[in-house]
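Engineer: I would like to see how this sequence folds:
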Amino acid sequence: MKNIILIALSIFTLAEVNSQDPPLILSMRDRARVIDELLEDKIKNILPELMRREGMDMWVVVSREYNEDPIIETLLPATWLAARRRTILVIYDPGEGEQIETLAVARYDVGKVFKQSWDKEKQPGQWKRLAEIIKERDPAKIGVNMSDHFGLADGIVATDLRQMKENLPKKYQERITSAQNLGIAWLETRTPMEMQIYPQICRIAHQIIAEGFSDGVIQPGVTTTEEVVWWFRERVRELKLVTWFHPTVSVQRQDPQSFDHLRSFSKAPEKNVILPGDLLHVDFGITYLRLNTDTQQHAYVLKTGENDAPEYLKLALKRGNRLQDIFTGNFKEGKTGNQVLKESREQSIAEGIKPSIYTHPIGYHGHAAGTTLGMWDSQEGVPHKGDYPLHLNTAYSIELNAATYIEEWEKEIRIMLEEEAFFDKGGVHYIDGRQTEFILIGK
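Structural biologist: Below is the predicted model of the structure:
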């Protein structure tokens, strides 16, 4: 199993020899091998402990083609781009010291992990076969993906849930329960093997940002922010990657325009020409090997005669870094997102920082499952998602901004930062570092 991971890492290492070179990306075939080995490892070595932690001895994941449960997409092999017909996966934990069973109520294996457990000729009814499997194992709890507050854990549709219940004896109908916390645990937990690769995925994203914020792409006085946005989209495709959201590039400069979240992310002018003296901001993410990045960084466009960004902007960036330190320093296993948000806001305000914190989990999805730590328009806490506790071995996009009044510009600016980080027993660690200096354009 380790061989393909080592191949992936060796290719990534070659990409690091010269940071100016384009990132080297695995072939589609090698990507599939990596994805499948990561999946097999996680199901074998991580899922049993998660099921026992959440007290769930059977997990049934049901999905139909083109109406996929968000979780089933993370359980399918790399060569399955969607569920087929109705796909039913059953995971059963016989108990401590026993290996979990992974069954497919389908006419064929689902990858190497989920073994065919339905012969249509012997038992024509797919739901009837599921009922047989359940009765044979007699689970105390039958978890299905339904949740009032977490969309990623609410993947079973009404029709499938109804038909599943109709085909079960009453005593098993009564054992059906929400697998919300198990589903979140599966999605949010990062494995040691994944964390071997995740730094390199984040590095690819950083390299693309550095390339986009360079003289090779931006000609001050000519290039618009919208042109840079579409350069990012094209560059991602050239590298045979995808982005999970449309990037944004915005400008803060010495003008009367005040910062506004909605304007920055959805109402920015298309003809915004980049000029010397501009403070640029990008929000950009990629999906690779089923893992996502979500990064925000800043660049400064040098004026004639300048070799560095002005000191007042560099001080503003340091204030943003300080807010990051305060925030990540408050992470502790078992705390809720709302607790960390409250403590971090109080501490940063006491230090004279004007904070806005809106951090989210990241992994299989960009805005992923787990605890939400603020939203830009919910700085007093986020109901339900913000009440979910922090668990170890989870990853987050540390997303926030610090406002600073710039006397030279006679206005307030925002240093908007976002970097991937991993939370384990040692605390919070940036997966591929964080921005502490501006990218300089025109040096």
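Engineer: rest of the way, CA atoms for contacts and neighbours
Structural biologist: OK.
Engineer: so after the helix or strand harbouring P199, what's the next helix or strand?
Structural biologist: Element membership for P199, per DSSP states H and E: helix 192-212. Counting by DSSP H and E, the next helix or strand C-terminal to helix 192-212 is helix 225-238.
Engineer: Give the other helices and strands that that next one contacts.
Structural biologist: Counting contacts by 3 or more C-alpha pairs under 8 Å, 6 or more residues apart in numbering; DSSP states H and E, helix 225-238 is packed against helix 192-212, strand 248-252.
Engineer: Report the buried residues of the helix holding P199.
Structural biologist: By neighbour count with 16 or more other C-alpha atoms under 10 Å, helix 192-212 contains the buried residues 193-194, 197-212.
Engineer: got the CA coordinates for that helix in PDB?
Structural biologist: C-alpha atoms of helix 192-212 as PDB (Å, rounded to 0.1, in the frame of the first residue of the first chain):
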ATOM      1  CA  PRO A 192      -1.900   9.700   8.800                       C
ATOM      2  CA  MET A 193      -1.700   8.700   5.200                       C
ATOM      3  CA  GLU A 194      -3.800  11.600   4.000                       C
ATOM      4  CA  MET A 195      -1.600  14.000   6.000                       C
ATOM      5  CA  GLN A 196       1.400  12.700   4.200                       C
ATOM      6  CA  ILE A 197      -0.100  14.100   1.000                       C
ATOM      7  CA  TYR A 198      -2.100  17.100   2.100                       C
ATOM      8  CA  PRO A 199       0.900  19.400   2.500                       C
ATOM      9  CA  GLN A 200       1.800  18.800  -1.100                       C
ATOM     10  CA  ILE A 201      -1.800  19.600  -2.300                       C
ATOM     11  CA  CYS A 202      -1.700  22.900  -0.300                       C
ATOM     12  CA  ARG A 203       1.700  23.600  -1.900                       C
ATOM     13  CA  ILE A 204       0.300  23.200  -5.400                       C
ATOM     14  CA  ALA A 205      -2.400  25.800  -4.500                       C
ATOM     15  CA  HIS A 206       0.200  28.100  -3.100                       C
ATOM     16  CA  GLN A 207       2.300  27.800  -6.300                       C
ATOM     17  CA  ILE A 208      -0.600  28.600  -8.500                       C
ATOM     18  CA  ILE A 209      -1.400  31.700  -6.400                       C
ATOM     19  CA  ALA A 210       2.200  32.800  -6.700                       C
ATOM     20  CA  GLU A 211       2.200  32.300 -10.400                       C
ATOM     21  CA  GLY A 212      -1.100  34.300 -10.800                       C
END
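Engineer: Now do it and helix 225-238, the angle between them.
Structural biologist: 140 degrees (axes from the mean of the first three to the mean of the last three C-alpha atoms, to 10 degrees).
Engineer: chain center to helix 192-212, what's the gap?
Structural biologist: Remark: helix 192-212 is offset 13 Å from the chain centroid, using C-alpha atoms, centre = their mean, to the nearest Å.
Engineer: Show the contacting residues for the residue positioned nearest the centre of the chain.
Structural biologist: Nearest to the mean C-alpha position of the chain, counting by C-alpha atoms, centre = their mean, stands I362 at 2.3 Å. Shown here is I362, whose contacts under the criterion C-alpha atoms under 8 Å, 6 or more residues apart in numbering are E188, N292, T293, D294, A368, A369, A395, Y396, S397, E420.
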